[in-house]
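1. pasting the structure only:
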């Protein structure tokens, strides 16, 4: 494990890992890495961060839908309904956004 340090403290820790990819996927990764000027490692890191962010937003959206249902008609106050609609829209947009 290596450490990346900054002046005001520890920024983050990195770990090396080995993964198996089929040849066709690795070729696609290499093309995008070349086109963007990113290393494979950075590309995988960015991709996983994006995937995990979307996964978390999907879970939040599912939880909001479970709590509030598909509509906001049953919510007691206008403010609560507006807040629920705002949060659902925010998480839905996050899931729909593309790079």
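-> Everything's here; your move. Please read these numbers as outputs of a predicted model, since none were measured by experiment. Residues are numbered from 1 along each chain as shown.
2. if I look at residue 17, how far off is residue 45?
-> Residue 17 sits at a distance of 11 Å from residue 45 (criterion: Cβ to Cβ, to the nearest Å). Where C-beta positions appear, they are placed from N, C-alpha and C, glycine not excepted.
3. out of the two, which sits in the busier spot?
-> Shown here are residue 17 and residue 45; by other Cβ atoms under 10 Å, residue 45 has more neighbours (13 against 7).
4. Which neighbouring elements make contact with the helix or strand where that one lies?
-> Taking DSSP states H and E as the definition, residue 45 sits inside helix 40-68. Using 3 or more Cβ pairs under 8 Å, 6 or more residues apart in numbering; DSSP states H and E as the contact test, the elements touching helix 40-68 are helix 23-36, helix 78-96.
5. Let me know which of these is tucked in deepest.
-> Greatest average neighbour count among the helices and strands packed on helix 40-68 goes to helix 78-96 (a mean of 13), per mean count of other Cβ atoms under 10 Å.
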